[in-house]
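In: What follows is a predicted protein model with its sequence.
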Amino acid sequence: MKKSWNPIETWAQLKSPRPTRPAQSHAQTWQNSTSTRLNAIETCSIVLPVYNEQACIRQTFEAILRYLETHPNFTFIFVNDGSSDRTKEIIAAGIHLAKMPQIQLISYQPRAGKGYAIRRGVEYADGDLICFLDSDLAYSLAHLDLLVKKLQTCDVVIGNRSLMRSSQKDVKPSRKIADKIFNFLSRKILNLQYSDMQAGLKGFRKSAAKKLFFYQTLTGFSFDVELMYLAENWGYSIGEIPAKVSEKHQKKLSKVNLIQDSIKMLLDLLKIRFNDQLGRYQ
């Protein structure tokens, strides 16, 4: 009789000892201690939307465990957006083994979209600062320190891939074209002048996050542009940090369909404009 799959047993078998840290220079030690002092000022909730990520979610989980060793004031909230694979079971098994209250899981069915998943996570989050990050770590956890630092002087902070020239050197041409089309339409329809609004890396002060996501209506591809539009119109201060896309993520197969996605972008942007004119954001 075939043995049933046990995620906890699988974790126990696969889990490897954490590597010993190399000796640090005085400069590195000073940088790390400065970052730790800064992070200790406020609590931070990090929302990670997940959908069918069983191939990489264990690596993400273990990276978070390492990160929490030096950032105990952080909480990571996985939001399972109706995955049909073993993503939920793998995360739940990791939480069971780690026994750390700083890692939490929200799960629901059916799939409702990335924007909806992040909104659910923000509603649940209780940190002084609330951020969201792609769960495949297309942007490394090191970016969180930059977000937190920038949020000391801004209400909203966004990751900008164009501030890192090397960040998109291997990105597929179809993706680059889609991004340019979207940025052009955003400028023309919503008068948003940012060069990159769709990196999966953003942070908010708690009061700003709760209000912005309360009024969010889009749950798909363009949800974060709606957030930027509201933040701009409501007078929140907005900052940017460089966002470096991991080399592994740059080489992933692009799912962008230029024609279909461009039409979706246009319709979403028009919906934002119409919602504003109809007073739905008031």
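Out: Ah, there it is. Numbering: from 1, shown residues only.
In: Now find how far off-centre stretch 269-282 is within its chain.
Out: On the basis of CA atoms, centre = their mean, to the nearest Å, stretch 269-282 sits 25 Å off its chain's mean C-alpha point.
In: Please name the residues that touch residue 116.
Out: Listed by CB atoms under 8 Å, 6 or more residues apart in numbering, the contact partners of residue 116 are 81, 219. C-beta: built from backbone N, CA, C; applies to glycine.
In: I'd like to know how far it sits from residue 80.
Out: Distance of residue 116 to residue 80, computed by CB to CB, to the nearest Å: 12 Å.
In: Check residue 120 too.
Out: Applying CB to CB, the value for residue 120 to residue 80 is 10 Å.
In: Equivalent analysis for residue 204, please.
Out: Distance from residue 204 to residue 80, counting by CB to CB: 22 Å.
In: Counting neighbours, go ahead and name the busier of those two.
Out: Taking other CB atoms under 10 Å, residue 204 and residue 80 do not tie; residue 204 has more neighbours (29 against 26).
In: Next, the buried residues of the one helix or strand that one maps to.
Out: Using DSSP states H and E, residue 204 falls within strand 201-205. Of all the residues in strand 201-205, those buried under the rule 16 or more other CB atoms under 10 Å are 201, 202, 203, 204, 205.
In: Now render the residues you listed as TSV, adding pLDDT and distance to residue 230.
Out: Output for these, formatted as TSV (pLDDT from 0 to 100; distance: CB to CB, whole Å):
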residue	pLDDT	distance to residue 230
201	95	18
202	97	13
203	98	16
204	98	11
205	98	14
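In: Which two among the residues you listed are spaced furthest apart?
Out: Farthest apart among the buried residues of strand 201-205 by CB to CB are 201 and 205. That separation is 16.1 Å.
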